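*Asks:* curious how this folds, go ahead:
(one chain, ligands or ions: 2)
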Amino acid sequence: MNIQVLPLPEDRKKPRYTDESQLGFGRLFTDRMLLVEWKAGQGWVDARIQPYAPFSLDPACLVLHYAQEIFEGLKAYRWEDGSIALFRPEMNARRFNLSAARLCMPEVPEDLFVDGIEQLVSLERDWVPGSEGTSLYIRPTMIAVEPVLGVKPSDHYYFYVIMSPVGAYYAAGFNPVNIMVEDTYVRAVPGGTGEAKTGGNYASSLKAGLEAKKKGFDQVLWLDGVHKRYIEEVGAMNMFFAYADKVVTAPLAGSILNGITRDSVLKLAGSLGFSVEERPIDVNDLMADLRAGKVKEAFGSGTAAVITPVGALCYKDECLQVGDGGVGSLTQKLYDTLTGIQYGRIADTFGWVRKLA
Ligand code: PLP
Ligand code: COI
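*Replies:* Ligands and ions are numbered 1, 2, ... in the order given. Okay, here's the model as predicted:
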């Protein structure tokens, strides 16, 4: 599909940031966006890269009432030689379409998704920051824009991509976070939308997150919605627990996100000689293993969160330090290897990196 590139008038160019160490996460957006529309009876039409601009939306449109919305998150990395790489964008395209199917939205052809992002990043390449720990965060999104109050799948959608130069997702950077195991609220249930990357999952998690913050925790770790017993994931990352010779994570059973970083970590840990287990993790067993010192390290994985070490885990009234509370050696090794591949410092033997022309 041909993507039209509309002119970017001088007065629509935004002031550039001057200090990359102050970027934070997702507050600043680049000059241009990709926008493609889907209309019933026509399919995908009017693909264009245009100046970044607000939408004018009918107040009745479906996304505003019934949350028919999906999104993705991936990054463009600037290498030391100035070139730019994406990390496994085809995986985001596939997951986007799984989310679309769950939310009764049209699939975006994989080449439109990936080529559109490549063209947009190429045009905006000056926006990709270059200092340690920074990247250009890419946010593909689809919303239902038909103005009607009946509950039904929309007959009109916007697929759009916006981009934001970012630093670390957590203010603490690559430092251990404290996590509270949530035993009141649940995020997802079997048959629900937990596996889809859809806004409602995040809206419904806000209350638990706020309450945990008030108690001094950085994040909540969700348990399964039926037994409130098995570890699921954290709000923006999958969770891993490292024993002496193995790495354990929750299985993909339909209620957690199939993280692309999760998949990469499983492959990297395997290549480092660890055995990897995807299996149900009973929170009581996990706490017992932590108490006994068998769990050496815990960390989360995500595009925004990269690899985030966990310093302490609290469940009900018990708080346990993980390892020595600092960054464990495997966590550090995985962080270094993953970011090494993403930033071109380490050879990509997995075929994950996609260099921009
Ligand atoms: N779990 C949730 C709920 C997320 O929002 C994310 C972030 O995308 C992840 C896990 C990690 O997924 P990925 O590694 O694909 O970014
Ligand atoms: C990502 O890591 O890309 C995410 O989507 C996390 C986000 C909720 C900030």
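
*Asks:* please identify the helix or strand for the nearest residue to Val247 once chain neighbours are set aside.
*Replies:* In space, and not counting its chain neighbours, Val247 is closest to Ala269: 4.5 Å by CB to CB, 6 or more residues apart in numbering. Just so you know, the C-beta spots here come from the backbone N, C-alpha and C atoms, and that holds for glycine as well. In the assignment (DSSP states H and E), Ala269 maps to helix 260-271.

*Asks:* now the residue of the stretch 1-150 of the chain found nearest ligand 1, nearest residue through space, not along the chain?
*Replies:* Going by CB to the nearest ligand atom, ligand 1 is nearest to Gly73 of the stretch 1-150 of the chain, at 4.8 Å. With CB to CB, 6+ apart as the criterion, Gly73 has its nearest non-adjacent residue at 4.7 Å, and that residue is Thr303.

*Asks:* next up, phi/psi of the one you found, please.
*Replies:* Per-residue torsions, Thr303: phi -60, psi -50 (degrees, to the nearest 10).

*Asks:* what sits against the closest residue to Asn2 other than its chain neighbours?
*Replies:* Take Asn2 and drop its neighbours on the chain: the residue closest to it by CB to CB, 6+ apart is Ala47, 6.9 Å away. The contact partners of Ala47, taken as CB atoms under 8 Å, 6 or more residues apart in numbering, are 1-4, 34-36, 112, 116.

*Asks:* quick one: strands adjacent to the helix or strand where Ala47 lies?
*Replies:* Ala47 belongs to strand 43-51 when assigned by DSSP H and E. Sheet partners assigned to strand 43-51 using DSSP bridges are listed as strand 4-5 (parallel), strand 32-39 (antiparallel).

*Asks:* just checking, next helix/strand downstream of the helix holding Ala269?
*Replies:* For helix 260-271, the following helix or strand on the C-terminal side (DSSP H and E) is strand 275-278.

*Asks:* partner strands of that following strand, parallel or antiparallel?
*Replies:* strand 246-249 (parallel).

*Asks:* buried ones in the partner strand?
*Replies:* Judged by neighbour count (16 or more other CB atoms under 10 Å), strand 246-249 contains these buried residues: 247-249.

*Asks:* now, which of the residues you listed sits nearest ligand 1?
*Replies:* Thr249 (11.0 Å).

*Asks:* hang on, the closest one packs against Leu266?
*Replies:* Yes: in this structure, Thr249 is within contact of Leu266 by CB atoms under 8 Å, at 7.2 Å.

*Asks:* common neighbours of those two, please.
*Replies:* 276, 278.

*Asks:* now the residue of the chain found nearest ligand 2: how far from Leu112?
*Replies:* Minimum separation of the chain from ligand 2 (CB to the nearest ligand atom) falls at Gly73, amounting to 2.0 Å. Separation of Gly73 from Leu112 (CB to CB, to the nearest Å) stands at 18 Å.

*Asks:* how about Tyr315?
*Replies:* Tyr315 is 44 Å from Leu112, by CB to CB.
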